[in-house]
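**Q** Next input, structure requested:
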Amino acid sequence: MERKWWTLVAVSLAIFMLLLDITVVNVALPDIQHDLHSSFQDLQWVVDAYALTLAAFLLTSGSLGDQIGRRTIFIWGLVVFTLSSAVCGLSSTPLMLNLARGVQGVGGAMMFATALALIAGAFEGRERAQAFGIYGAVTGAAVAVGPLIGGIITSAIGWQWIFYVNVPIGIAAVIVSLRRVDETRDPHPGGIDWPGFVTFSASLFMLVFALVRGNDSGWGSTKIILLLVGAVVSMALFVLIEWRRRHPMFDLTLFARHSFTGANIVAFAISASIFSMFLYLTLYIQDVLGYSPLQAGLRFLPITLLSFAVAPLAGRLIVKVAPQILLGGGLVLIAVGLLLMTQIDATSGWTVLIPGFVIAGAGIGLVNPPLAATAIGVVAPEKSGMASGINSTFRQVGIATGIAALGALFQHRVAEEATSSLTASGHGAAVARAAHGNVGSALQSGNVRALAAHLPVPARQALESAYHSAFTAGLTEILLVATAIAFAGAICAFALIRRSDFQAGSHHEAPAEVAPAGAAA
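**A** The predicted structure is shown next:
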């Protein structure tokens, strides 16, 4: 087999592993919570630690690849991701797991930032289009089967193996890359934007940390206010640095094109809405409805399979239908699907979610291919790498901030509703004693099982009933917020994106460079 096809094999293996690891983690979260005695905030960080470092290092990794070699950065990314995956599986505390997840995100950024460039450098003409099509199919399949594979692994041999499985895949990809992948680099690299990297990363971390800790520390506390102010100041410094830098990693002039701005708003909106909701929907299906990880994975198939099935159709429609129709229409479908999911109540079964899953899944499949094509199609060809990196960054920022913001609303509503229900039932005092006087904090931690174990049967039943009702009420509230985010993104897509902004020839080339269907997940 020719070296160029080995390049495609290595890249596809790596990205399959990267995306599979994102989707399988969601199904394993309840088991992780139980085994490591994790709080609800710990579970948020399992996802957010990865998304934050992936977003922060993505553009910098691309610059490093241009400067010292894309194959070199890709291989180092594989090594970092594989080793940190092993540490994730060995984790005995939530802190150890979340730190390892953060390192995983660094490795993921190094792979993700160089993957498409390696394929583009190895192939030309029609073969390049074919290679990108295979790449998209492989990664789309990883997203589609992720929840099911995660459920099978977690139920059969334990959540640790969703990380251990990366080790042999990573080793195989490293061997293939070392032996069969050619090195490429930019002959005129612009250098690494370290000031931009530091200010951008600091701003994201402070914002997410404030959102996650706000309920416990108090939104008016000095710590939270300082974190929020620090996030704003760091982001302002980042914008100033990028504006004045000769070779910025985040070229602000690209946003002069309304379509580019619209594409990145869409990337943020889809991630902050439906993809952020996967964490809370998983907890609902397993913790409230009582399904096993495998059973939960099966119940997510309507949304993942629909997104996988619709994506090729959307890819073919790119050259025939205006991009704002596909992107805006897809987000409208996502908003409708999320709105339909609000029909749940404390007595609902999982089938109530099916109509919303089907419509939202179709919306995801409709958005992803034209989103990638739009992000790179409306800028000059020499800026396409940066444009793709910025779009992927907006996706990851949407995930990180969406999970944190929705989680803050969710925790507050659950604690408020459950405390009120317990007081009305007459068992509030017993639960308060078991919680050492702070029922709200105990409920916000998400560790209700441990609290219930110390209660007599009547109080335990009252707590479980109150928690299930409060969980459903909180889930409904954040589903409405996610609906609003998706709908706002749709409005921006219709208003900002226009076909006239596309570069000459990009309409026919764009479908070949479609991002994976679940790149944001």
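**Q** What separation do you get for His468 and Ser384?
**A** 49 Å (Cβ to Cβ, to the nearest Å). C-beta coordinates here come from the backbone N, C-alpha and C atoms, glycine included.
**Q** do Gln67 as well
**A** 18 Å.
**Q** more crowded one of these two?
**A** More neighbours surround Ser384 than the other of Gln67 and Ser384, with 20 against 16 (other Cβ atoms under 10 Å).
**Q** Secondary structure element holding that one?
**A** Element membership for Ser384, per DSSP states H and E: helix 384-425.
**Q** Please compute how far that helix lies from its chain's middle.
**A** 11 Å (Cα atoms, centre = their mean, to the nearest Å).
**Q** do stretch 169-184 as well
**A** The mean C-alpha position of stretch 169-184 is separated from the chain mean by 26 Å, Cα atoms, centre = their mean.
**Q** CA atoms of that stretch as CSV?
**A** Output in CSV follows, covering the C-alpha atoms of stretch 169-184 (Å, rounded to 0.1, in the frame of the first residue of the first chain):
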residue,chain,number,x,y,z
ILE,A,169,-4.9,1.9,19.2
GLY,A,170,-2.5,4.7,20.1
ILE,A,171,0.6,2.4,19.9
ALA,A,172,-0.5,1.1,16.5
ALA,A,173,-1.1,4.7,15.2
VAL,A,174,2.4,5.8,16.4
ILE,A,175,4.1,2.8,14.7
VAL,A,176,2.3,3.5,11.4
SER,A,177,3.1,7.2,11.6
LEU,A,178,6.8,6.7,12.3
ARG,A,179,7.2,4.2,9.5
ARG,A,180,4.8,5.4,6.8
VAL,A,181,3.9,9.0,7.2
ASP,A,182,5.9,11.8,5.5
GLU,A,183,6.9,15.0,7.3
THR,A,184,5.4,18.3,6.1
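**Q** Okay, domains of the chain per the record?
**A** Domain ranges of the chain: 1-180, 193-248, 415-468, per automatic domain parsing.
**Q** Show me where the stretch 1-150 of the chain has its helices.
**A** 3-36, 40-68, 70-90, 94-122, 125-157 (DSSP state H, counting those that start in this stretch).
**Q** Export the ones you listed as TSV, with columns for mean pLDDT and distance to Ser259.
**A** Below are the helices of the stretch 1-150 of the chain laid out as TSV (pLDDT from 0 to 100; distance: least, Cβ to Cβ, whole Å):
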stretch	mean pLDDT	distance to Ser259
helix 3-36	87	26
helix 40-68	88	20
helix 70-90	96	28
helix 94-122	91	20
helix 125-157	81	21
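**Q** For those, give me a markdown table that also has distance to Gln295.
**A** Listed next are the helices of the stretch 1-150 of the chain as a markdown table, based on distance: least, Cβ to Cβ, whole Å:
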| stretch | distance to Gln295 |
| --- | --- |
| helix 3-36 | 10 |
| helix 40-68 | 19 |
| helix 70-90 | 23 |
| helix 94-122 | 24 |
| helix 125-157 | 7 |
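**Q** what ranges do the helices span in the stretch 351-500 of the chain?
**A** For the stretch 351-500 of the chain, the helices defined by DSSP H, counting those that start in this stretch cover 354-377, 384-425, 428-434, 439-444, 448-452, 457-496.
**Q** Let me know which of these is tucked in deepest.
**A** Compared across the helices of the stretch 351-500 of the chain, helix 354-377 shows the largest average neighbour count, a mean of 26 (mean count of other Cβ atoms under 10 Å).
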